[in-house]
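# Give me a 3D structure for the following:
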Amino acid sequence: MLVVGFPTGALQANCYLIAPGEGEACVIVDPGQDAAEPVAEAIKEHGLTPVAAILTHGHFDHCFAVAPICDGNDIPAWIHPDDRDLLSDPLKGVSAESAAFFGGKLAMREPQEVRELTDQSVLDLAGLSMTVDHTPGHTQGSVTFRCGTQEGGRLLFAGDTLFAGSIGRTDLPGGDVHKMAQSLRTKILTLPDDTVVLPGHGPTTTIGRERVSNPFLAGLEEGSTVPGPLRGL
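Numbers count the residues shown, from 1 in each chain. As a prediction, this is how the structure comes out:
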């Protein structure tokens, strides 16, 4: 399996391309701010043919380039319906300070074809089978994507639900600390320890590593709640 990842934009959100191998069809995960050029370069370098873009949530740093990338390649974008409105109204999902920084204007639009994700659905794209888990907390429509590899490994594209050593902030519009705790408890901590986590910001990690070292997961399996640290967007 081929996974190509790189940070994009001012907030260094991770964008990923995943394919069965070189010269195959691929899926683009979270094409954020300034992602169009590196995505095009990765497609050319590895001989890939994009078939879809899938979004872990609707914050602009994860989907700012989705319309030009999707429309330029004639492919659909997939997003949870609870975050779909952020594609055309990105300031709805940011803090007042962030909105002021952009002068109250941040122009985005939906791609020509948008399809909606549902919890526990399975996407069969590019020869890959990806399970969708709805994980509200960072946003109402946050999701993660689980995928197995031909080599027998397990991957989790976690968006801004889980990071190495942290979790997504819950203080932005649409965030909810109690839903975040529930998502982490029922959708993240139930995964096998050897699951490789590819987060929306920062380095890769594993579920096992986070289970024993992430302070924001401590006690969750026993039912406690957690405050949302200020990480990501």
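
# Quick one, grab the pLDDT at Ala100.
pLDDT recorded at Ala100 is 59.

# what's the answer for Glu151, then?
Taking Glu151 on its own, its pLDDT is 80.

# Just say helix, strand or coil for it.
Glu151 falls in the coil class when you classify it by DSSP: H, G, I helix; E, B strand; the rest coil.

# ok, it to Gly21 distance?
According to Cβ to Cβ, to the nearest Å, Glu151 and Gly21 sit 11 Å apart. Where you see a C-beta, it was placed from the backbone N, CA and C, and this is true even at glycine.

# Those two: which is more packed in?
Gly21 (13 against 6; other Cβ atoms under 10 Å).

# so who does the residue nearest to that one when sequence neighbours are not counted touch?
Nearest non-adjacent residue to Gly21, counting by Cβ to Cβ, 6 or more residues apart in numbering: Leu2, 5.4 Å away. Applying Cβ atoms under 8 Å, 6 or more residues apart in numbering to Leu2 gives the contacts 17-22, 24, 26, 46, 48.

# ditto for Ile28
15-17, 39, 50, 52-54, 69 are the contacts of Ile28 under Cβ under 8 Å, 6+ apart.

# What's opposite it in the beta bridge?
For Ile28, the beta-bridge assignment (DSSP bridges) gives partners Leu17, Ala53.

# Could you check how far it is from Pro192?
From Ile28 to Pro192 the distance is 26 Å (Cβ to Cβ).

# By average pLDDT, which secondary structure element in the protein comes out worst?
One helix or strand of the chain scores below all others by mean pLDDT, DSSP states H and E: helix 96-101, with a mean of 60.

# After that helix, heading C-terminal, what element do we hit next?
strand 114-116 (DSSP states H and E).

# just checking, what packs against the helix or strand that that following strand is followed by?
Downstream of strand 114-116, the first helix or strand assigned by DSSP H and E is strand 122-125. Under the contact criterion of 3 or more Cβ pairs under 8 Å, 6 or more residues apart in numbering; DSSP states H and E, strand 122-125 touches strand 49-54, strand 128-134.

# quick check: angle from the helix of greatest length in the chain to strand 49-54?
Scanning the chain for the helix with the most residues, using DSSP state H, yields helix 36-46. Between helix 36-46 and strand 49-54, the angle comes out at 140 degrees (axes from the mean of the first three to the mean of the last three Cα atoms, to 10 degrees).

# Show me which of the contacts of Ile28 is closest to Asp119.
Nearest to Asp119 out of these is Ile54 (Cβ to Cβ; 14.4 Å).

# and the closest one, what does it touch?
For Ile54, the contact set (Cβ under 8 Å, 6+ apart) comprises 27-30, 77-79, 117, 123, 125, 130, 145, 157.

# Same list, these, but as JSON lines with distance to Pro111 please.
Compiled in JSON lines, the contacts of Ile54 are given as follows (distance: Cβ to Cβ, whole Å):
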{"residue": "Val27", "distance to Pro111": "15"}
{"residue": "Ile28", "distance to Pro111": "12"}
{"residue": "Val29", "distance to Pro111": "15"}
{"residue": "Asp30", "distance to Pro111": "14"}
{"residue": "Ala77", "distance to Pro111": "5"}
{"residue": "Trp78", "distance to Pro111": "10"}
{"residue": "Ile79", "distance to Pro111": "10"}
{"residue": "Leu117", "distance to Pro111": "14"}
{"residue": "Leu123", "distance to Pro111": "16"}
{"residue": "Leu125", "distance to Pro111": "15"}
{"residue": "Met130", "distance to Pro111": "19"}
{"residue": "Phe145", "distance to Pro111": "18"}
{"residue": "Phe157", "distance to Pro111": "19"}
